[in-house]
Structure formats: C-alpha cells, structure tokens
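structure for this input, please:
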Amino acid sequence: MSQSVVAKRYATALFNLSQQQGQTASIQSELTELKKAFRDNKQLGVLLSSPKLSVAKKKDIMANIFKGVNPIIMNTLFVLLDAKRLDEIQNVITEFHELANGAAGVAEAKVYSTRPLTENESNSISASFAHKVGKQTLRIENIIDPSLIGGIRLQIGNQIYDSSLSAKLDKLQRKLIGS
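Just a heads-up that it's a prediction; the model follows:
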C-alpha cells in the first residue's frame, strides 16, 4: 500500500474518470504495462525528471514513447508532469489498482509453486481462498520457487497460506527437536 496522499488523490481522480467512461478494466491493464515500463527502464524516469528539458519537450517524448496509450492515461501523465509529480507514477498506479480491485471484489495474490499452475489449478485456488479474504475472486500471479519441494505458498496482502512440503518438513523438524 502506498504511503503517498498525493498518489491517492491522483489515483482516485483517474479511477473516477475511468468508471465514468466505462474503461476501468482496460485502463487497469494499460497501467500495469506502464508500471513495468517505468520499473524496467530507470533511464526513462531520469530523462523525464531532467531539468534540462522543457515540459513541452518532455510531453513530446512521452507522447512518442507511449503512442497508442489510452488518452485518459496520457492526460494523467501530462497532469503529473505539469505538477512536477511524475515521480509518483508508480504509487498512483498502485493506488489505482487497489481502488479498481476493491470495486470489482478482486484481491491480488501471489502463488508460489514448483511449476507453472494450470488454468484449472489457478481457478480452484481463486475459488477456495477468495472468500477467506472477503473478495469474489483472486487475480493470481504465479511465481516459480523450486525450494518449496511440493505444494504451494499463497500470499494475499499480508496473509500467507503455506501448504508447501518444505514448510511441513520445517514444522516436523521443529516438533521433533522440541520434544
């Protein structure tokens, strides 16, 4: 969860506008890609925060780099740039996802497994655990972790459900040593 009040305000405005336009899902998807672009290309943030470039030039650069991006997102980027708040873009996107997921009854979940999950397995995990956190469904990110040996580890927010073989072995070891 972001600690930025500024990011929350921009995200709320963006979320409200996306709902009015009926584009929340598509904007959320594009924002995910935008977040990856800023995260993976640190030089982009450095370039766009350079005092040597005028705001107009920075807007030009952004318009060329993010050609085809939803106009609502593009305008948000321009507003952040004008307000000298472009460094908050990652937080704005995080806050937007939280608002959109909350409205849709969706929770973000990370599932650690020894192999990629099938669609049926993902759906089954979503159905089994969504109600435990008061949501309708889970949006699952599958992370491969061979150290689990078998089973899965599920993280939803700050809750962790661990049914991995390595966790069970650790528990058994603690039990045997403790006796």
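
what's the strand or helix carrying residue 20 packed up against?
Element membership for residue 20 (DSSP states H and E) is helix 5-21. Using 3 or more Cβ pairs under 8 Å, 6 or more residues apart in numbering; DSSP states H and E as the contact definition, the elements that helix 5-21 packs against are helix 24-40, helix 71-82, helix 89-104. C-beta coordinates here come from the backbone N, C-alpha and C atoms, glycine included.

now that helix: buried residues?
6, 7, 8, 10, 11, 14, 15, 18 (16 or more other Cβ atoms under 10 Å).

picking up where we left off before, of the helices and strands packed on helix 5-21, which is nearest residue 54?
Of all these, helix 71-82 sits nearest to residue 54, with 10.9 Å by Cβ to Cβ.

buried stuff in that closest one?
72, 73, 74, 76, 77, 78, 80, 81.

equivalent analysis for stretch 90-103, please.
Residues of stretch 90-103 classed as buried under the neighbour-count rule (16+ other Cβ under 10 Å) are 90, 91, 92, 93, 94, 95, 96, 97, 98, 99, 100, 101.

got a list of contacts for stretch 64-73?
Applying Cβ atoms under 8 Å, 6 or more residues apart in numbering, the external contacts of stretch 64-73 come out as 14, 17-18, 21, 23, 26-27, 30-31, 34, 37, 44, 74, 77.
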